[in-house]
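Trainee: Predicted coordinates and the sequence they were generated for:
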Amino acid sequence: MNTQQLESFIQVAENLNFAHAAALLNVTQSAVSRQIHALEEELDTKLFYRTTRTVTLTPEGIIFLEHAKQILGQLQIATARIQHRSNLTTRILRIGCENQADLLFLSEILEACRPSIHAFHPFLKVIPHRALMTLFYQGELDVLFGFREHLPIKNEILFTELRQVPLCCVLPQNHPYGEKESIRVEDLFTESLVACNSYTIPAQAVELQNLVAQHITPENIYVSENPQVALALVRAGYGCCILPQSPDTRDGLLYRPLQGTQLLPYGMSYNRSSSNGLLKEFLAVARQAAQI
């Protein structure tokens, strides 16, 4: 069954005249007859009663008429949508990151991209670090966001720093240390600690949480799989944790910089030889949004 058969059937059914239908379709009458005959063979039923003077629909033809109109209408709509989409210029950039904090920072850059880059369609992939690296090396991601120490930087792969993030003690609301502008590492020796798995946080945070853990009894240490879990435990009042400052100021937590720690370079890695022409535009907007 094809559109020519459906169009021929509908025109004959509505005009009850093969000659008129052929004229409307701008084809010969024999061509219309062939289309109707092929359709009837496919359906294994007669759609018209035909004499030398009259053409009328069979009961099956009456039933099929509405279905034919619906089928043809849906085909026309689908065709129009596909043709419209093929005329659009969709420019896709594949961006990878690991967690909610990355997404919050990235959203600021994406907001700046929307009016600045024509037909920009970001495709975001949020997955664990190792899977992220695999996709990037396979060429399935164009740019990665994260801390410099976690991103690849070698050969054709470059890193652009967008900000420097302080390492903080994360506290629940109403914690007494919330009144301080900054916190000494020694101040945490008397607190309960929510520790993160080492591969999910910067090395400096790992060193400090290991140091603090040496001064805390095991029953006052809560181990979390990732920063998201750690923040949930801190929010619930189980203790404090050591993490980079979050761009989200509405997460119900207090972030206080840790004294004596270094700022953490944060930015994006990309392949200088990438064939995606959109990448250069994105990098420029990202730098501007970060005020570099």
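Mentor: Received it, and whenever you're ready, just let me know what you need. Here the structure is a predicted model, which means the values were calculated and not measured. Numbering: from 1, shown residues only.
Trainee: Specify the local secondary structure of residue 95.
Mentor: strand (DSSP: H, G, I helix; E, B strand; the rest coil).
Trainee: shouldn't it be in contact with residue 123?
Mentor: Yes - taking contacts as Cβ atoms under 8 Å, residue 95 lies within contact range of residue 123: 6.8 Å. To be clear about C-beta, it is placed using only N, CA and C from the backbone, and glycine gets the same treatment.
Trainee: who's more crowded, those two?
Mentor: Using other Cβ atoms under 10 Å, the more surrounded residue of residue 95 and residue 123 is residue 95, with 23 against 11.
Trainee: Distance of that one relative to residue 214?
Mentor: As judged by Cβ to Cβ, to the nearest Å, residue 95 and residue 214 stand 39 Å apart.
Trainee: who touches the residue most central in space within the chain in this structure?
Mentor: When Cα atoms, centre = their mean is applied to the chain, the residue found nearest the centroid is residue 124 (3.7 Å). Contact analysis of residue 124 by Cβ atoms under 8 Å, 6 or more residues apart in numbering lists 95, 96, 97, 103, 106.
Trainee: swap in residue 228?
Mentor: 99, 100.
Trainee: Could you verify that residue 89 is part of a strand?
Mentor: No - secondary structure of residue 89 (three-state DSSP): coil, not part of a strand.
Trainee: What does the spatially closest residue to it that is not a sequence neighbour show for phi and psi?
Mentor: Nearest residue to residue 89, sequence neighbours excluded (Cβ to Cβ, 6 or more residues apart in numbering): residue 119, at 4.8 Å. Note on residue 119: backbone dihedrals following degrees, to the nearest 10 are phi 60, psi 30.
Trainee: One more: residue 26?
Mentor: Residue 26 adopts backbone torsions of phi 60, psi 40, taken as degrees, to the nearest 10.
Trainee: tell me the pLDDT at it?
Mentor: Residue 26 is assigned 91 on the pLDDT scale.
Trainee: Name the spans of the stretch 51-200 of the chain whose pLDDT lies under the cut-off.
Mentor: Residue ranges of the stretch 51-200 of the chain with pLDDT under 70: 83-88.
Trainee: How are the strands of it distributed by residue range?
Mentor: 55-57, 91-97, 120-126, 143-147, 157-165, 167-172, 193-196 (DSSP state E, counting those that start in this stretch).
Trainee: nearest to residue 37, of the ones you listed?
Mentor: Residue 37 lies closest, by Cβ to Cβ, to one member of the strands of the stretch 51-200 of the chain: strand 55-57, at 13.7 Å.
Trainee: Pop the domain breakdown of this protein in here.
Mentor: When the chain is parsed with automatic domain parsing, its domains come out as 3-86, 91-164+266-289, 167-262.
Trainee: where along the stretch 1-150 of the chain do the helices fall?
Mentor: Remark: helices assigned in the stretch 1-150 of the chain by DSSP state H, counting those that start in this stretch are 3-15, 18-25, 29-43, 59-86, 100-116, 129-137.
Trainee: Of the ones you listed, which stretch is the most buried?
Mentor: helix 3-15 (a mean of 20; mean count of other Cβ atoms under 10 Å).
Trainee: Quick check: mean pLDDT of it?
Mentor: 90.
Trainee: which residues make contact with it from outside it?
Mentor: By Cβ under 8 Å, 6+ apart, helix 3-15 touches 18, 20-21, 24-25, 31-32, 35-36, 38-39, 42, 47-48, 55, 57, 61, 64-65, 68-69, 71-72, 75.
Trainee: for stretch 181-193, same thing?
Mentor: Residues outside stretch 181-193 that contact it (Cβ under 8 Å, 6+ apart) are 169, 177, 208-209, 211-213, 215-216, 220-222, 238-242, 256-260.
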